[in-house]
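Visitor: here's a sequence, model it:
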Amino acid sequence: MEQNKVYRIGVDMRMAGEGFGIGKYALDLFSALLKRKNDFKYVLFFDKNFNSGEYEKFKNLGADCRLVSAKYYSFGEQVNLPRILNQENLDLVHFPNFNVPVLYRKKFVTTIHDLIHHRFPGNKKKNFLYRLAYRFIIWRAAQSAKKVIAVSKSTKSDIIKLLGTKAEKVEVVYEGVSNIYRRGVGYNQIESVKTKLGIVKPYFLFVGVCRRYKNLEFLAEAFAKWSRKIGNKYQLVLAGAVDKNYPEVAKRVHNLLNPQILIAPGKVSDEDLSALYSGSDGFINPSLSEGFGLPYLEAQSSKTPVICSDIPVAREILGNSVLYFDPYNIESLINVLDELSNNNSLRQRLVELGMNNVSAYTWDKAAEATELVYKKALS
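Guide: Coordinates of the predicted model:
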């Protein structure tokens with residue numbers, strides 16, 4: 001990098017918006033980056049048909065923003081976006097997802113959050129061409145990028161193994177937790193959300209989109225068996241949208257659980273989700289794979305004990321701050337539910353361990369680490 005030069009960094013914000021994991025990542029990371037003093041001038045690109053509201057928010061903060069017509073995962077993304085970026089005289093572009101236009105040939109950094117679609121590609125023939133396109137675009141993005149940001153060491157390992165990317169190209173930058181989950185929730189707000197959703201008993205919470213790798217049928221079967229054992233003392237709340245590609249998962253979950261036990265409100269607002277975390281007796285994630293697992297940390301920020309499947313990324317992010325179970329063994333989960341529900345001192349210890357663990361994951365730290373990646377890419 002040249003001394004005293006201000007580098008123009010383009011930022012693809014087209015997915016920024018409430019309800020999208022990658023969109024929330026973009027909003028939180030670049031909100032933190034814009035607050036820092038550095039040698040970078042950021043130019044943010046928003047989709048005028050999807051997130052013009054986010055464009056206005058950032059523009060009001062003084063950010064240099066553009067509204068473009070190039071919807072993500074579209075033909076316009078491949079044709080229009082490279083032309084738009086080339087007009088801006090950018091030194092580097094950060095794509096916070098792998099959907100980098102194939103025709104864009106200048107320097108860029110991309111964030112790859114996971115390779116779950118490689119491991120769980122789906123079973124519908126009509127998605128065959130989509131899967132081929134996905135594999136080509138993500139491979140091309142990793143090969144052509146100056147640097148690839150992985151959100152965990154586990155994801156970095158997958159990028160190296162499954163995409164053939166050189167290890168020295170991939171930098172691990174952990175995500176942070178939004179302040180909305182750190183500031184605490186009052187009793188009245190918790191009770192209001194419980195009443196709205198029909199929660200009338202103590203409950204355990206899952207947060208995430210209803211997909212096959214999330215292992216929700218396993219969770220439903222285990223919870224149903226445990227409920228029969230203890231006399232239906234708890235409810236299970238599943239907060240998250242149903243993936244239209246996996247409607248059978250939600251159907252099987254509903255068939256396995258008594259309607260009086262299962263609460264499935266779909267996608268909820270950040271404010272309601274914060275209350276759900278804070279009011280729950282525990283957060284459960286039975287997933288077979290994750291790229292990072294931000295809900296783990298959102299729960300810990302909300303002073304909620306966490307129990308989760310024993311997978312590599314969970315061990316990496318959570319260490320000894322949670323209770324683990326075998327995601328293929330129903331009795332393993334039932335034993336953990338028994339242990340947590342019957343031991344108040346254990347619950348308090350997990351809350352304390354969780355609060356200590358989550359303190360390491362902030363968007364300020366992520367922003368600082370991301371700046372270092374930019375400097376390496378520009379060198």
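
Visitor: and stretch 174-187, C-alpha only, in CSV?
Guide: Taking C-alpha atoms only, stretch 174-187 is exported to CSV below (Å, rounded to 0.1, in the frame of the first residue of the first chain):
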residue,chain,number,x,y,z
TYR,A,174,-15.1,-14.0,13.3
GLU,A,175,-18.5,-12.3,13.4
GLY,A,176,-19.8,-10.2,16.2
VAL,A,177,-23.1,-9.9,18.1
SER,A,178,-25.5,-7.1,17.4
ASN,A,179,-26.0,-4.7,20.4
ILE,A,180,-29.8,-5.5,20.4
TYR,A,181,-28.9,-8.8,22.1
ARG,A,182,-26.5,-7.2,24.6
ARG,A,183,-28.7,-4.5,26.1
GLY,A,184,-31.1,-6.7,28.0
VAL,A,185,-34.9,-7.1,27.8
GLY,A,186,-37.5,-6.2,30.4
TYR,A,187,-40.0,-8.6,32.0
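
Visitor: now do the buried residues in it.
Guide: Using 16 or more other C-beta atoms under 10 Å as the test for burial, stretch 174-187 gives 174-178, 181-182, 185. Backbone N, C-alpha and C define where each C-beta goes, glycine included.

Visitor: let's have those in TSV, adding secondary structure.
Guide: Below are those laid out as TSV (DSSP: H, G, I helix; E, B strand; the rest coil):
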residue	secondary structure
Y174	coil
E175	coil
G176	coil
V177	coil
S178	coil
Y181	helix
R182	coil
V185	coil
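
Visitor: okay, those in a markdown table with pLDDT and distance to V79 next?
Guide: Output for the buried residues of stretch 174-187, formatted as a markdown table (pLDDT from 0 to 100; distance: C-beta to C-beta, whole Å):
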| residue | pLDDT | distance to V79 |
| --- | --- | --- |
| Y174 | 98 | 35 |
| E175 | 97 | 31 |
| G176 | 96 | 34 |
| V177 | 94 | 37 |
| S178 | 90 | 34 |
| Y181 | 89 | 39 |
| R182 | 82 | 42 |
| V185 | 88 | 45 |
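
Visitor: biggest separation within those, which pair?
Guide: Y174 and V185 (24.7 Å; C-beta to C-beta).

Visitor: and this structure, what are its domains?
Guide: For the chain, automatic domain parsing gives the domain ranges 7-176+362-378, 179-358.

Visitor: looking at those, which one has the lowest mean pLDDT?
Guide: With a mean of 91, domain 7-176+362-378 has the lowest mean pLDDT of the domains of the chain.

Visitor: tell me how far G282 lies from V209.
Guide: According to C-beta to C-beta, to the nearest Å, G282 and V209 sit 20 Å apart.

Visitor: higher neighbour count, those two?
Guide: Neighbour totals were compared for G282 and V209, and G282 leads with 22 against 15 (other C-beta atoms under 10 Å).

Visitor: correct me, but that one touches K303?
Guide: No. In this structure, G282 is not within contact of K303 by C-beta atoms under 8 Å, at 11.4 Å.

Visitor: can you pull the buried residues of stretch 328-342?
Guide: 330, 332-334, 336-337, 340-341.

Visitor: for the stretch 251-379 of the chain, what spans make up the strands?
Guide: For the stretch 251-379 of the chain, the strands defined by DSSP state E, counting those that start in this stretch cover 262-266, 282-285, 306-309, 323-325.

Visitor: distance to R83 added to these, as a markdown table?
Guide: As requested, the strands of the stretch 251-379 of the chain are exported to a markdown table (distance: least, C-beta to C-beta, whole Å):
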| stretch | distance to R83 |
| --- | --- |
| strand 262-266 | 38 |
| strand 282-285 | 42 |
| strand 306-309 | 45 |
| strand 323-325 | 49 |
